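# Fold the following.
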Amino acid sequence: PHPHPHPPTIMVSAAAARAFLSGAAKASPVSYVEKRVLRTSPMHLLNVISDVDSYSQFLPQCTHSQILRRSNCGTMFDAALTVGLPPLLSEEYVSRVKVDTETMTVEARSIRSSLFDSLKSRWKLRPVPASRAQQKESRRGVISLGNVASKILNSDNDQSKTEHEYCDVEFEVVIQASNPLIVGTLDKVLEEVAGTQVAAFERRCSQIPPSRGAKV
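Purely as a prediction, here's the structure:
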């Protein structure tokens, strides 16, 4: 019997292989949405999110943050951030940020990055009545002395003062990368990173006093 012929060898150039992998990675952006109710007012959180210059003071793995330029209207700006663990891993990227105090949203998209083809994030903030937020915490078994005290001390006349001291947060991150190793890593860690960031912003809100109105 004749031996089976060897299958033909297909030669693929390195450039073609990179193009194939790049196209496959770009077709599947990695995304995650973190949803929480935080103990802060939406406007206070909006101001903290907009204060990009201070990110390096409280955000994990953020070693540098700076607003580069602002639009004439003041609601848009470009900001540079450096994240990672230098000198082992460090990425500096520039994002264009839009703050909308009417819809209580903050949107950012990368305009310069070496690791990511696209990096987008969006914060959506909504006021939550204190009573409803406390009911959610009660169902989870998280009843703090502060919640109990507020129920006792706040009369019906003071209801309006505490109605919006809780904030419904929706933080969405969408990242697109050509490097399949980066894509695989993001699949594993993006949920944890997003949750850690939201928790860091909540801590920051508790550490600094709220200001009246928007700072943008």
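# what's the burial count for residue 168?
17 (other C-beta atoms under 10 Å). Where C-beta positions appear, they are placed from N, C-alpha and C, glycine not excepted.
# Which strand or helix spans it?
Assigned by DSSP states H and E, residue 168 belongs to strand 166-176.
# And the helices in this structure?
14-26, 42-50, 55-58, 130-139, 145-153, 159-162, 180-207 (DSSP state H).
# so where is this structure shaky, pLDDT-wise?
Confidence mapping of the chain against pLDDT under 70 gives the ranges 1-27, 85-88, 131-164, 212-216.
# how about a cut-off of 90?
For the chain, applying pLDDT under 90 flags the ranges 1-28, 74, 84-90, 115, 129-165, 178-188, 209-216.
# Which strands border the strand holding residue 168, and is each parallel or antiparallel?
According to DSSP bridges, strand 166-176 forms sheet pairs with strand 30-38 (antiparallel), strand 118-128 (antiparallel).
# what's the first one in contact with?
The contact list for strand 30-38 (C-beta atoms under 8 Å, 6 or more residues apart in numbering) reads 45, 128, 133, 136, 166-177, 183, 186-187, 190-191, 194-195, 197-198, 201-202, 205.
# Using neighbour counts, trim those to the buried set.
45, 128, 133, 166-169, 171-177, 183, 186, 190, 194, 197-198, 201-202, 205 (16 or more other C-beta atoms under 10 Å).
# Near residue 94, how many residues? Count them for me, please.
Neighbours of residue 94 using other C-beta under 10 Å come to 14.
# so who does residue 70 touch?
So residue 70 contacts 76, 77 (C-beta under 8 Å, 6+ apart).
# Many thanks, have a good one.
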